[in-house]
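K.L.:
Just need the structure, nothing else, for what follows:
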Amino acid sequence: MLRDAVRLAGLLLLTPASGLAAPLAPCPAGAWPEGAECRHVRVPEDRTIQGGRMLDLFLVRLRSTGPESAQGAVFFLAGGPGEAASESAADLPGALAVLRSRRDLVFVDQRGTGRSHALTCPGPFRSRVEFGELSADDVRACREVLERRADLRRYTTWDAVADLETVRQALGYEKIDLFAASYGTQVAQAYLRRHEERVRTAVFVGALPLAPELVLFDSRDAERALRLLLQDCAAEPACAAAFPRLSEETAEVLKRLEQSPVRVKVADPAGGDPREILLDRQTFARVLRTRLYSAGAAARVPLSLHRAFTGDYASMGRAAVAIAHAQKRHESLGMFLTVICSELMGFVGEASIRRMAEGTLFGPETTLGWLQNCREWPRADPPPDFAAPVRSDVPVLLLSGRLDPVTPPHWGEQVAVFLPRARQIVFAASSHFPEGDCASGLVAQFVEQASTARLNARCAESEVRPPFLLPEG
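P.N.:
All right, here's what the predicted structure looks like:
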């Protein structure tokens, strides 16, 4: 207990060696918008010891574009776990672009990601990570490589919170606004718990509570999103006419693939030689779930499912390769594993995973795979209060998509209940990341006024799904 108390206290302290390694300077041309400033902030890897390894956290700052001086700064907290925030600075989400007219935007690559000492496994791991085939032996080999240059227990959410406070102090902002997406909303809540007085407002897009039991609901949340897709197709006359037995066909496809996986040859989206991939039930279900992250991509899913039922798996095969190519998890697998193993998988067991996934089309296999992999990965000791609800009087706006397969609105409701100045707005036809003029306008008004009181959510409530893709002719 004494060791835990000392470690927790260390997270709240800044060491004399922390701070800007050098003044902010122009970013390399072409990588980020004109005028972007880049630099590293040096922090200790382990704040509980003196003279240990130091990490250089990479950040990008986009100065306010408005005619007046900036009214403060918005810090963007990326999802994943494992996404690099600096990549969003190169292609601003609409809501952040609107906020830049009045505030600086700051993007800090969380330790273990991007240009902040990324915990990347050796090259041969990439394809196995992409398609969910990572074995316990792979994880053990990756750990042995990364342990030579990192204490893998020190890349957690609470380490990131201490880093974020160091960056805020180094940049000289008295108070900041937070804009967080998916896993980033957990980092934001943890920061609120420790540094509420430094936060002016917070926007949570796809909010998740700090609760280990979240992982037990992966299959059920995906099943909910698929059920909504099937219901919405059945309620739309043209989709219902084109796919009258879509629910039964989907179940039949997964049953077939469980018995006899198929091989599909697919063009490489990066321009390389065609790739042959194995579509088994687990891979097919994982690709299906990921396509539900976007309402636009989901609109093409009924046709893909129907074609798979007829024996044509080309569409799902192309989607599998495209998704694998776009995902960045393999670039920070070590950080991803530290977070999920220390903050999720260490608190659940095989029996509970199987029980909660029972009866779903998606099944328990993916979650069980991470449980097995975590047996080969070091785990950090979490702070005593890490899973307690976060309570704060800071104004918080939560944006959730009704169709979201991973952060559905019920999780946002659990977060908001402990935040008396919070409001959740559900977008009727959005999935994992509500965007567009409606979301951008609501965010801009909220941050400007630091209040949810006068927000008009009609545009979110009246959203309509993108039209379903139907067979030609």
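K.L.:
wait, doesn't residue 218 sit right on residue 363?
P.N.:
No - using CB atoms under 8 Å, residue 218 is not in contact with residue 363; the gap is 10.1 Å. Backbone N, C-alpha and C define where each C-beta goes, glycine included.
K.L.:
can you list residues touching both of the two?
P.N.:
Residues touching both residue 218 and residue 363 (CB atoms under 8 Å, 6 or more residues apart in numbering): residue 357.
K.L.:
Residue ranges in this protein under the pLDDT threshold?
P.N.:
The chain contains residues with pLDDT under 70 at 1-22, 68-70, 123-133, 269-272, 327-330, 473.
K.L.:
Which residue ranges make up the domains of it?
P.N.:
Following automatic domain parsing, the chain resolves into domains at 2-118+153-212+385-461, 243-326.
K.L.:
quick one, strands of the stretch 1-150 of the chain?
P.N.:
19-20, 25-26, 37-44, 54-62, 73-77, 104-108 (DSSP state E, counting those that start in this stretch).
K.L.:
Point out the other elements, helices or strands, that the third one touches.
P.N.:
Right, the one you point to is strand 37-44. Strand 37-44 is packed against strand 19-20, strand 25-26, strand 54-62, helix 157-171, with contacts defined by 3 or more CB pairs under 8 Å, 6 or more residues apart in numbering; DSSP states H and E.
K.L.:
who's in contact with the closest residue to residue 347 other than its chain neighbours?
P.N.:
Leaving aside its chain neighbours, residue 347 sits nearest to residue 212 (3.7 Å; criterion: CB to CB, 6 or more residues apart in numbering). Contact analysis of residue 212 by CB under 8 Å, 6+ apart lists 343-344, 346-348, 387.
K.L.:
Present the strands of the stretch 1-150 of the chain as a markdown table; the columns should include distance to residue 118 and mean neighbour count.
P.N.:
Below are the strands of the stretch 1-150 of the chain laid out as a markdown table (distance: least, CB to CB, whole Å; neighbours: other CB atoms under 10 Å):
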| stretch | distance to residue 118 | mean neighbour count |
| --- | --- | --- |
| strand 19-20 | 21 | 16 |
| strand 25-26 | 21 | 10 |
| strand 37-44 | 13 | 20 |
| strand 54-62 | 10 | 22 |
| strand 73-77 | 17 | 26 |
| strand 104-108 | 14 | 25 |
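K.L.:
Between those strands, which one is closest to residue 176.
P.N.:
Of all the strands of the stretch 1-150 of the chain, strand 73-77 sits nearest to residue 176, with 5.2 Å by CB to CB.
K.L.:
Could you tell me how far the closest one lies from the centre of the chain?
P.N.:
15 Å (CA atoms, centre = their mean, to the nearest Å).
K.L.:
Packing partners of that strand?
P.N.:
Using 3+ CB pairs under 8 Å, 6+ apart: strand 73-77 touches helix 85-90, helix 94-99, strand 104-108, helix 157-171, strand 176-181, helix 183-195.
K.L.:
which residues touch the longest one?
P.N.:
Where contact means CB under 8 Å, 6+ apart, the residues beyond helix 157-171 that reach it are 11-12, 14, 18-20, 41, 43, 47, 57, 59, 61, 73, 75, 77, 81, 106, 108, 110-111, 176, 186-187, 190-191, 194-195, 198, 210, 339, 343, 380, 382-383, 386.
K.L.:
how does it look with 7 Å?
P.N.:
The contact list for helix 157-171, computed with CB atoms under 7 Å, 6 or more residues apart in numbering, reads 11, 14, 18-20, 41, 43, 47, 57, 59, 75, 106, 108, 110-111, 176, 186-187, 190-191, 194-195, 198, 339, 343, 383, 386.
K.L.:
which is the next helix or strand following the lengthiest helix in the chain?
P.N.:
Criterion DSSP state H: the longest helix present in the chain is helix 218-235. The helix or strand immediately downstream of helix 218-235 is helix 237-242, counting by DSSP states H and E.
K.L.:
got a list of contacts for that next one?
P.N.:
233-234, 302, 468, 470-471.
K.L.:
Could the C-alpha coordinates of stretch 463-473 be exported in CSV?
P.N.:
C-alpha atoms of stretch 463-473 as CSV (Å, rounded to 0.1, in the frame of the first residue of the first chain):
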residue,chain,number,x,y,z
GLU,A,463,-30.7,13.4,-38.9
VAL,A,464,-31.5,10.8,-41.6
ARG,A,465,-29.4,7.8,-42.4
PRO,A,466,-27.5,7.9,-45.7
PRO,A,467,-29.4,5.9,-48.4
PHE,A,468,-28.6,2.2,-48.5
LEU,A,469,-26.7,0.9,-51.4
LEU,A,470,-28.9,-1.4,-53.5
PRO,A,471,-28.2,-3.9,-56.3
GLU,A,472,-27.9,-2.4,-59.7
GLY,A,473,-30.9,-2.8,-61.9
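K.L.:
Could you pull out the buried residues of that stretch?
P.N.:
Residues of stretch 463-473 classed as buried by neighbour count (16 or more other CB atoms under 10 Å): 463, 465, 468-469.
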